[in-house]
Structures are given as C-alpha cells and as structure tokens.
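Colleague: sequence? don't have it. structure:
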C-alpha cells in the first residue's frame, strides 16, 4: 500500500510519523516516548493505530486523536482508523528511557519504577533529594507538585502507576 504522495506505507513509516507528535500537556515528549501507542496495523486499504490513554478521562486524548488523524492525512494516508485500547491499563513502565530523560531536562521529575517509592528521586533542577510534597495534583492529574528544600524551586513529579 502507498500513500497518495507515493510513499510505501509500513509500520516503520507510521511509527516515524507518530514519533513526531508531541504530548499536548508535555510538549517535549512524543506520544511514542510516552508509551501510549500500542500497535500499528497496516491492512489492505488502511491503517489502524491502537492507543491507550494515560489516565481515565485524560483531557489530552481528544487532542492526541486529532493530531494522529491529521499527521496520517498529511502524510497521504486517507483511510486511517484509531482504536482506543483500555486493557491493560497504561503504565509509566511503558514510557521510554529517552522520554523520561526529556521530562527531567524539561524540569519534571520522571516516574520511578513501579514498586519503588512514589516520591521523586531528586529535584530535576539541582539534584537534591531534600524535597517535599506540596499537592498530590500538579497541572494535570498524572503529576504531583513538589518543592525542593535546597534550591527552593517547585517542580512536578510524573506519578508512577
């Protein structure tokens, strides 16, 4: 199968397109790095992208769906279908290591491995382990708000689950 512009449509081509779509709430990481894309199926006359929301009711999912459809259409893929997969539920274990590093460079403490402490390892600004929880919820429900007691800077922690 080919796009309307003549590109051969295969899984690698579609994944490359999806890797360019930023998370609307954390624009430094892509939806691939976030780990929400579950599968790409290339069928006779179309493409199906399966994805899982990070949280139930995540407000960014409508925007992400729209961005996926637009990216596929702009690449010349006319027959695209999106399928939301709810089971198993998304977990921070699906985030790529590159995505976690980008979070930290952006000033958001990345999630710890599941089963580890659900507290940031250190301040993403200065590296201090001397931090305190300010609120269970940051700018979105997937993040908590902390403050570093060393550099005094507030920062968000991407909660593990």
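Modeller: Done, it's in. Just so it is clear, the structure is predicted and the values come from calculations on it, not from any experiment. Numbering: from 1, shown residues only.

Colleague: May I ask which helix or strand encompasses residue 160?
Modeller: Residue 160 is part of no helix or strand, with elements assigned from DSSP states H and E.

Colleague: switch to numbering from 293
Modeller: Got it, the first residue is 293 from now on, which makes the last one we talked about residue 452.

Colleague: My read is that it contacts residue 386, right?
Modeller: No. Taking CB atoms under 8 Å as the definition, residue 452 is not a contact partner of residue 386, at 11.3 Å. Yep, even glycine has a C-beta here, placed from its N, CA and C like the rest.

Colleague: neighbour count winner among those two?
Modeller: residue 452 (19 against 16; other CB atoms under 10 Å).

Colleague: next one: phi and psi at the more buried one?
Modeller: When read as degrees, to the nearest 10, the backbone of residue 452 gives phi -80, psi 150.

Colleague: and what of residue 380?
Modeller: Backbone torsions for residue 380, taken as degrees, to the nearest 10, come to phi -70, psi 160.

Colleague: Mind giving me the packing neighbours of whichever helix in the chain runs longest?
Modeller: Of all segments of type helix in the chain, defined using DSSP state H, the longest is helix 352-366. Applying 3 or more CB pairs under 8 Å, 6 or more residues apart in numbering; DSSP states H and E, one finds that helix 352-366 contacts helix 303-310, helix 323-326, strand 338-343, strand 372-376.

Colleague: Tell me the strands beside the last one, with direction?
Modeller: As defined by DSSP bridges, the strand partners of strand 372-376 come to strand 338-343 (parallel).

Colleague: residues touching the most centrally placed residue in the chain, list them.
Modeller: Taking CA atoms, centre = their mean, the centroid of the chain lies closest to residue 326, which sits 2.5 Å from it. Contact partners of residue 326, counting by CB atoms under 8 Å, 6 or more residues apart in numbering, are 315, 318, 346, 386, 387, 391.
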